[in-house]
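Q: Test case, fold it:
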Amino acid sequence: MKDPVIAGFILARCSAGREQGIATSLTEDSLLLAPPDEATRNDVICVLGNLLENAMEAIGDGATREISLGLWQEDGLLYLRVEDSGAGIDPACAERIFSKGYSTKGANRGYGLYHVRRCIEARGGRIDAATSEWGGAVFSASLRYA
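A: As a prediction, this is how the structure comes out:
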């Protein structure tokens, strides 16, 4: 992690997870060079913050409480992956999870994933959600980072 702001943010989220009894790890092959500008840094923090917060909320009180974060760069793009051991994404909801105001968590929610998608698409990227190997959710994204 070559950017102290993003590195500090990731460390803070891992620490918050540990305080909640969640094993939060960064994949060994993760690599993140310094962002080209402040706007890119802010977008990366917005994306990571929302995806990690959603993962922590989704884990609940399950027996396995793990989150894995991976970051890597290739051909001017930043790729990231957040995987959790929560309940996963209900297939009936999968099409709507990135819609503004959609949430399974109650009223006045449903803006995090909407903002994540908008940030990523504004940077020429994309985001996908699937079921993780742990049975939870896995979000895979790419965005311009050159």
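
Q: pLDDT below threshold where in the chain?
A: 106, 108 (pLDDT under 70).

Q: now the most centrally placed residue in it, nearest residue through space, not along the chain?
A: Taking Cα atoms, centre = their mean as the criterion, residue 51 is the residue nearest the geometric centre of the chain, at 2.8 Å. Leaving aside its sequence neighbours, residue 51 sits nearest to residue 82 (Cβ to Cβ, 6 or more residues apart in numbering; 4.2 Å). Where you see a C-beta, it was placed from the backbone N, CA and C, and this is true even at glycine.

Q: what's the burial count for the one you found?
A: By other Cβ atoms under 10 Å, the residues close to residue 82 number 24.

Q: same question, residue 2
A: Residues lying near residue 2 (other Cβ under 10 Å) number 10.

Q: and the residue nearest to the centre of the chain, what does it touch?
A: Residue 51 makes contacts with 80, 82, 116, 139, 141, as judged by Cβ atoms under 8 Å, 6 or more residues apart in numbering.

Q: for the second one, phi and psi?
A: Note on residue 82: backbone dihedrals following degrees, to the nearest 10 are phi -120, psi 120.
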